[in-house]
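S.K.: quick one: sequence plus predicted model below, questions after.
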Amino acid sequence: MVGKNCFAIASDRRLGVQLQTIATDFKRIYKVHDRLFLGLSGLATDAQTLYQRLVFRHKLYQLREERDMKPETFANLVSAILYEKRFGPYFCQPVIAGLGDEDKPFICTMDSIGAKELAKDFVVAGTASESLYGACESMFKEGMEPEELFETVSQALLSSVDRDCLSGWGGHVYVV
Amino acid sequence: MVLDSHKLIAASGESGDRVQFTEYIQKNVALYQFRNGIPLTTAAAANFTRGELATALRKVSILNPYFVNILLAGYDKETGPSLYYIDYIATLHKVDKGAFGYGSYFSLSMMDRHYHSGMTVEEAIDLVDKCIMEIRSRLVVAPPNFVIKIVDKDGAREYAWRESVKDAAVASA
């Protein structure tokens, strides 16, 4: 979710295999660099593989260009990598959130074959995405400060995952 | 099976894949120690195992995994004991307690109830026995015999057997 010169990205903590919960402390959000975070929902193995490939590409970029990737560039990279596997896809939906030039927040989400969806206010992904759309739409306000943004994101996340049996067990929230 | 001096690997699944894959991991872990003079950490061995499973998963562009679920336990001098849950499609997660298969439905619940961090060996074996009792009474296809292996600062070794069906002694020729 986007705020005033800041963003928040949140996820639940459940790792499950269909109806059995394996762990309640699974981290789904990864830091690419200080101002760019990536959340990966969907199949855990593909999320881990995809994260490892993306971090590899970003580290190469850092070595070559001697700077961090812009969020827009990174989103294009993720989209390209996902579409490479068009006929044998990675079963995960990424959520990308970053601060661009002049602290302008950038958020986007993608489906599992890399179709980008940019938004100015919030993006959601996962099994509870329909719930999340509703909760975010009603709780979102323009230009929230970080503290208020944190509260809003947490409440939207918790109320949505409480209605989805495959999500839950708490949440991780990052505010940048 | 014993992966190296301070690591244990427990594998369940398709019998051919199970034996071949775990032996492959065991030999590669040994190779690393020969080449580099120091053993792999538990985290490194777990990530290597996950990498091999993940690579096999998408080779030839269709889903063709090794059907082996793995629990990898190890003791490192710097970080202490650790347990990794690696399922057959290469999901890796560091856990405090883990189980696979039909028995996991009962074992995980027992462990959720009785586990706390900082248990002694006696308490842990007690918990394992509780899980074994549950499996014996509740699982229709319960296996009769169990082996308990342990890994600590003194290494990886077999600790005890819990047998309910002893093999009949073979008559000498």
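M.R.: Noted; the coordinates are in hand.
S.K.: bridging residues for residue 11?
M.R.: In the absence of a named chain, chain A is used. Beta bridges link A:Ser11 to A:His172 when assigned by DSSP bridges.
S.K.: actually it's chain B I care about, not the one you picked
M.R.: B:Ile70.
S.K.: got a list of what it touches?
M.R.: For B:Ala11, the contact set (C-beta atoms under 8 Å, 6 or more residues apart in numbering or on different chains) comprises B:1, B:18, B:21-22, B:68-71. Where C-beta positions appear, they are placed from N, C-alpha and C, glycine not excepted.
S.K.: from those residues, which is closest to A:Ala135?
M.R.: B:Asn69 (35.7 Å; C-beta to C-beta).
S.K.: excluding sequence neighbours, find me the nearest residue to that closest one.
M.R.: Excluding its sequence neighbours, the residue lying closest to B:Asn69 (C-beta to C-beta, 6 or more residues apart in numbering or on different chains) is B:Phe100, at 4.3 Å.
S.K.: and what of A:Ala156?
M.R.: A:Ala135 (4.1 Å).
S.K.: can you report how many residues neighbour that neighbour?
M.R.: 23 (other C-beta atoms under 10 Å in any protein chain shown).
S.K.: residue contacts, it?
M.R.: By C-beta under 8 Å, 6+ apart, the neighbours of A:Ala135 are A:155-157, A:159-160.
S.K.: reformat those as JSON lines; add pLDDT, neighbour count and secondary structure.
M.R.: Shown next, in JSON lines, are the contacts of A:Ala135 (pLDDT from 0 to 100; neighbours: other C-beta atoms under 10 Å in any protein chain shown; DSSP: H, G, I helix; E, B strand; the rest coil):
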{"residue": "A:Gln155", "pLDDT": "94", "neighbour count": "12", "secondary structure": "helix"}
{"residue": "A:Ala156", "pLDDT": "94", "neighbour count": "25", "secondary structure": "helix"}
{"residue": "A:Leu157", "pLDDT": "94", "neighbour count": "27", "secondary structure": "helix"}
{"residue": "A:Ser159", "pLDDT": "93", "neighbour count": "16", "secondary structure": "helix"}
{"residue": "A:Ser160", "pLDDT": "93", "neighbour count": "23", "secondary structure": "helix"}
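S.K.: ranges for the strands of the chain?
M.R.: Unless you meant another one, I'm taking chain A. Applying DSSP state E to chain A gives strands spanning A:8-12, A:15-17, A:20-23, A:29-33, A:36-42, A:92-99, A:105-110, A:116-119, A:171-175.
S.K.: correction: the question concerned chain B.
M.R.: Secondary structure of chain B (DSSP E): strands at B:2-4, B:7-13, B:68-76, B:80-86, B:92-95, B:146-152, B:155-162.
S.K.: now those strands as CSV including distance to A:Val17?
M.R.: Compiled in CSV, those are given as follows (distance: least, C-beta to C-beta, whole Å):
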stretch, distance to A:Val17
strand B:2-4, 24
strand B:7-13, 14
strand B:68-76, 10
strand B:80-86, 10
strand B:92-95, 11
strand B:146-152, 23
strand B:155-162, 27
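S.K.: farthest residue from the center of chain A?
M.R.: A:Arg64 (26.0 Å; C-alpha atoms, centre = their mean).
S.K.: contacts only, for that residue.
M.R.: Contacts of A:Arg64 (C-beta under 8 Å, 6+ apart): none.
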